Each structure stands twice: as C-alpha cells, then as structure tokens.
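In: build me a model from this:
(one chain, ligands or ions: 1)
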Amino acid sequence: MLCPFFFFLRHSISLVTTPPSSTIPFTGTRFLSNEELEKLKALESFVYLLDLESGSFSVRVMRNDEMDLTAESFAESMLMPLGYGILMRFLVKQYLIERRTVMPRAVTLVGYFTDKDGEKGNELAGTVEVCFDERGANASPPTPLPPMNSPYICNMTVTKHLRRYVFIATKFLNYVGGAIGWHLLKESGELISEMASSKELYLRCRMIEAPFNMYVKAGYDVVQTDNIFILLTLQRRKHLMCKKLPVFNTFPEWDSDAKVVS
Ligand SMILES: CC(C)(COP(=O)(O)OP(=O)(O)OC[C@H]1O[C@@H](n2cnc3c(N)ncnc32)[C@H](O)[C@@H]1OP(=O)(O)O)[C@@H](O)C(=O)NCCC(=O)NCCS
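Out: A predicted model of the protein is given here:
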C-alpha cells in the first residue's frame, strides 16, 4: 500500500491562453507551439516529494542555473581517471545545454536529498534524462536503439555516497520502498505516462549488476542486446529494456518488509 506520506505534488497542467505569435516563447533554437508551451509549463511545475523520518527526497526538472552542479555530479559518478574530471564536466555541461533546447520533448530531472539533521543541507542526489518522443531523442544515440517515437529513460546516476541509501520511514508509515535510484526511475516512468502517448517505455542498460537488477525489479524486460562486436568500436555492450505502461501507470510496490527502518 502506498502511504499517505508520499506526496505527489504534481500540479495539473495549467492551460495557458494562446499567446499572440509575437510572444510565442523562443527556446533559443526554435519557437514553441501552444501544445509544447503547455507541456513546458507542466514540466516546470512538476515536483515529487517524499517525506521521511531521515529527511526528504524531491525530484523536479533541472533548472538553467543547476547545469554546472549537475555536470559536476554526473562527471564525478563516472569513475574517470584523475585529470579527466574537468574535461568530462565541460562535455557533460555542453550536452545538458544542448538537451535543454529540446524541452519539452525531453527533460533532465534532478533529485535532491535533505537529511533530517540538515548537516549536509539540500544535496544533489541523482539525475536522470527522460525523452518523451522522437523529436526529443538524442541526435546520435548509442545502440541498441529503441523504436522511433518511443519514450525512453537514460543517463541515470545517483551520487556515489548516496547509492543504496536506506530511507527511514516515519512512524506513520507501514511501508516505504526503494531509495534514490528507485524513486528517480519511478518518477521518470510516471512523468512519461502523463506526458507521452506511447505506452511502451525503453531504456538502455550497461551489462552491470546494479542498474540491471533495479530495472528488472521495476518490471523492465530485455528486448535486445548489443552484439559482442560493439566492443571493437570501443563501446560497452548494453541491453535495450522495455516496460509496458498500463493506462494508469503503477509502479511495483516493494516487499512489505523491505527497508522499513522506523
Ligand atoms: C544504478 C544506480 C542508479 C542505483 O541507484 P541506488 O540509489 O543505489 O538504487 P536503490 O538503492 O534505489 O536500489 C534499487 C534496486 O537496484 C538494485 N541495486 C542497486 N544497487 C545495487 C548493487 N550495488 N548491486 C546489486 N543490485 C543493486 C537492487 O535491486 C535494489 O533493490 P534492493 O535494495 O531491494 O536490493 C546507482 O548504482 C548508480 O548511479 N550507478 C552508476 C551509474 C549507472 O550505472 N547508471 C545506470 C546506467 S545504465
């Protein structure tokens, strides 16, 4: 059972009046249609808040002024050899800037964790990229490729020291499940089911245990795997995984006795 302390503060899509053409927002590379403008407003007001005994965790869309922080956090989590950090941060930031121009067709979400003691303040805990349709898709995506126009999730990472963090439930909760990665994945799926018409959701997964286990647990199935010859192109082998979204998306609940530490 989902507890009442899972606050889904998703503001409903606020219908905006049709702007005269001269005021149609310009994202820097293109003008937005009315439909895109509505989606953009919905995305900007999207907030997911999980209130816990041990602190709180929230997910929302990355803002313009958070690109440096997000790039730094993402680069740090990539286990690059010493000295490559600055280059990686630069490249990730360029990528984030480029991806922001396709909003609201794709979006980067950021997750923040604040511990109850407040010692560390509001800490960037993870990021994930969500693509809603073909026009938001990456220009040169790695293989295996999802079908055209299908929404997908990519580039998920959780800040190293917060991986496998144990959320502590409030005493009013009889159930809480998953940690930062799980909730980022869950919210990405929920957002896609609200924003995209396709009911098939894809993601690529490197052939490593942590994300693979998480995706399988969340209901994703492997539909394709990179050929071994991909290694010759200096790329890692990956699985393409898919999950069918029900009309009203539900995320598998955790085992009732999992991770409840209240
Ligand atoms: C994969 C990743 C996002 C998981 O984030 P997380 O916050 O640690 O995940 P959670 O604590 O919410 O765990 C959710 C589930 O994932 C799986 N999982 C997470 N870490 C795992 C690990 N080290 N080994 C095995 N399974 C793991 C488990 O099934 C877990 O459920 P459980 O706790 O009931 O066993 C994180 O490890 C990460 O950022 N890794 C590096 C980047 C990466 O690989 N991204 C995915 C790209 S494909």
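In: how about the residues of the chain near the ligand?
Out: For the chain, the residues found near the ligand under the criterion C-beta under 6 Å from any ligand atom are 77, 156-158, 163-164, 178-182, 205-206, 209-211, 213-214, 217, 258. Using the backbone N, CA and C atoms, a C-beta is placed for each residue, glycine as well.
In: mind running it again at 5 Å?
Out: 156-158, 163-164, 178-182, 205-206, 209-211, 213-214, 217 (C-beta under 5 Å from any ligand atom).
In: in the stretch 101-250 of the chain, what residue comes closest to the ligand?
Out: The ligand sits closest to G181 of the stretch 101-250 of the chain, with a gap of 2.3 Å, by C-beta to the nearest ligand atom.
In: wait, isn't that residue in contact with K160?
Out: No: if you go by C-beta atoms under 8 Å, G181 and K160 don't touch, sitting 11.9 Å apart.
In: which of the two has more residues huddled nearby?
Out: Neighbours were counted for G181 and for K160 using other C-beta atoms under 10 Å; G181 has more, 24 against 10.
In: secondary structure element for the more buried one, which one?
Out: According to DSSP states H and E, G181 maps onto helix 180-195.
In: what's the answer for D51, then?
Out: strand 47-52.
In: following that strand, which helix or strand shows up next?
Out: Using DSSP H and E, the first helix or strand after strand 47-52 is strand 55-61.
In: any idea which helix or strand comes after that next one?
Out: Heading C-terminal from strand 55-61 (DSSP H and E), you reach helix 67-76.
In: which elements pack onto the very next helix or strand once past that next one?
Out: With elements assigned by DSSP H and E, the helix or strand that comes after helix 67-76 is helix 85-100. Secondary-structure packing of helix 85-100 (3 or more C-beta pairs under 8 Å, 6 or more residues apart in numbering; DSSP states H and E): helix 67-76, strand 106-115.
In: mean pLDDT for the ones you listed: which is lowest?
Out: For these, mean pLDDT drops lowest on helix 67-76, to a mean of 91.
In: can I get that helix in CSV? Just the C-alpha atoms.
Out: Only the C-alpha atoms of helix 67-76 are listed here, as CSV (Å, rounded to 0.1, in the frame of the first residue of the first chain):
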residue,chain,number,x,y,z
MET,A,67,23.7,22.8,-15.1
ASP,A,68,27.2,23.3,-13.5
LEU,A,69,26.2,21.3,-10.4
THR,A,70,24.5,18.6,-12.4
ALA,A,71,27.5,18.3,-14.8
GLU,A,72,29.9,18.1,-11.8
SER,A,73,27.8,15.5,-10.0
PHE,A,74,27.4,13.4,-13.2
ALA,A,75,31.1,13.6,-14.1
GLU,A,76,32.1,12.6,-10.6
